[in-house]
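> just a sequence and a predicted model for now, questions to come.
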Amino acid sequence: MTDVVTEQMIEDWGERYSNWQRWGPDDRLGTLNYITRELVRTACALPRSGRTISCALPYAADAADPLGCSDPIETGWTALAHVAHDGRCYNDRACGDTPSSSFQARDRVVGRGVLLDLPRYTRRPWLDDGTRITPNDLDLCGESFGVSIERGDIVLVRTGQLRHCRENRSWEGFRAGAAPGLTLRCARWIFEREIAALATDTFDLEVRPPETGFPHSLRRLAVRDTGLLLGTNFDLDELAEACAADGNYAFLFVAPPLPLASGERARTNPIAIK
């Protein structure tokens, strides 16, 4: 960023990009409200070949993780109650009193998926660690592949970090080391595009090291204030190859979370249908 970000600026953006009360005081779905039955019907008409592609990492219940990590890395969605500031979560609820949004969303994550394949757009195998993804990068990537972001879309942002880890046979730092990710300015992009969900192939939503002195600020704005359904650790490599092969970067996407009554994250086996 060229300007200095202050805590007050983040507070102001939180109010500006807030969806609190937009769907009523009892809403626990957040941006999933953008997915209407009409949009689901439209998305069901997208598949052409009928090919199905899982975007889930293999889950290991013990330490023998097939990816070589000491602890299993799950593909999953972050519950809205997981991100708090000043003791409040999405829709101005006390976090301890907020039921799991995973249970509420058990039949809602179905719609038009859009892949933004940033490595292919930049003609690189993967983005370097620490690469800052801007709103302009997201828009230009979509335009280059002939797809635009529409209201209610489930946006998948591929950085290539999983491929990088696999080819280098090293997962050191995947959880906490440097990583490509979205910049804080993407909070406005997420809010204005009115997307239903966003998932990445990284452990976090935002770039690491943090671009400001306020780590996890984008997660705070996007999840707590906007009510975004956020997914991490999505394996997008096979999907990226399939999209490149047929030139179609929009598809039917089905990724309901496990209907847990409580919890901060819910595993999912996301399926793209082309």
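Thanks, I have the structure now. Numbering: from 1, shown residues only.

> CA atoms for contacts and neighbours, from now on please.
Will do.

> now do the buried residues in the longest strand along the chain.
In the chain, with assignment by DSSP state E, the single longest strand is strand 110-117. Residues 110-117 are the ones in strand 110-117 that count as buried (16 or more other CA atoms under 10 Å).

> quick one: residue 90 and residue 227 touch, right?
Yes: between residue 90 and residue 227 there is a contact under CA atoms under 8 Å: 5.9 Å.

> list the residues that contact both of the two?
Taking CA atoms under 8 Å, 6 or more residues apart in numbering as the criterion, residue 90 and residue 227 both touch 20, 30, 80.

> residue ranges of the helices in the chain, please?
7-16, 37-44, 101-104, 118-121, 135-144, 161-167, 186-193, 217-219, 237-246 (DSSP state H).

> run through the strands of the chain in chain order.
Counting by DSSP E, the strands of the chain are 52-54, 76-78, 88-89, 93-94, 110-117, 132-133, 154-158, 181-182, 197-200, 229-232, 250-254, 265-267, 271-273.

> could you give me the average pLDDT of the fifth one?
Averaged across strand 110-117, the pLDDT comes to 98.

> use 641 as the first number from now on
Will do, 641 is the new start, and the previous item becomes strand 750-757.

> what helices and strands are in contact with it?
Helices and strands touching strand 750-757, by 3 or more CA pairs under 8 Å, 6 or more residues apart in numbering; DSSP states H and E, are helix 677-684, helix 775-784, strand 794-798, strand 890-894.

> quick one: contacts of that strand?
With CA under 8 Å, 6+ apart, strand 750-757 has contacts from 675, 679-680, 682-684, 778, 781-782, 787, 789, 792-799, 880, 889-896, 912.

> list the contacts of residue 749.
672, 893-897.

> turn those into a markdown table, columns for neighbour count.
Shown next, in a markdown table, are the contacts of residue 749 (neighbours: other CA atoms under 10 Å):
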| residue | neighbour count |
| --- | --- |
| 672 | 22 |
| 893 | 28 |
| 894 | 21 |
| 895 | 24 |
| 896 | 22 |
| 897 | 25 |
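
> quick check, nearest of these to residue 695?
Using CA to CA, residue 895 is the member of the contacts of residue 749 that sits closest to residue 695, with 9.2 Å.

> thinking again about what came up before, to residue 843, which of the helices and strands packed on strand 750-757 lies closest?
strand 794-798 (12.0 Å).

> and that closest one, how far out from the chain's middle?
Distance of strand 794-798 from the chain centroid (CA atoms, centre = their mean, to the nearest Å) equals 6 Å.

> and the residue nearest to residue 718 when sequence neighbours are not counted, what does it touch?
Nearest residue to residue 718, sequence neighbours excluded (CA to CA, 6 or more residues apart in numbering): residue 905, at 4.6 Å. Listed by CA under 8 Å, 6+ apart, the contact set of residue 905 reads 716-719, 722, 742.

> could you rerun that using 6 Å?
717-719 (CA atoms under 6 Å, 6 or more residues apart in numbering).

> if we can go back for a sec, which of the helices and strands packed on strand 750-757 sits closest to residue 829?
helix 775-784 (6.1 Å).

> list the contacts of that closest one.
Residues contacting helix 775-784 (CA under 6 Å, 6+ apart): 756, 761, 788, 826.

> ok, and the most crowded of those?
Neighbour counts for the contacts of helix 775-784, by other CA atoms under 10 Å, peak at residue 756, which reaches 30 neighbours.

> that one pairs with what?
residue 797 (DSSP bridges).

> distance from the chain centre to stretch 832-849, please.
Using CA atoms, centre = their mean, the offset of stretch 832-849 from its chain centre is 4 Å.

> stretch 716-735 now?
That offset, for stretch 716-735, works out to 16 Å (CA atoms, centre = their mean).

> give me the buried positions along that stretch.
For stretch 716-735, using 16+ other CA under 10 Å, the buried residues are 716-724, 728-733, 735.

> residue 696 and residue 722, how far apart?
21 Å (CA to CA, to the nearest Å).

> and the residue nearest the centre of the chain, bridged to which residues?
By CA atoms, centre = their mean, the chain has its centre lying nearest to residue 839, at 2.2 Å. Counting by DSSP bridges, residue 839 is bridged to residue 796, residue 871.

> test my guess that it contacts residue 796.
Yes: when contacts are counted by CA atoms under 6 Å, residue 839 is listed as touching residue 796 (4.9 Å).
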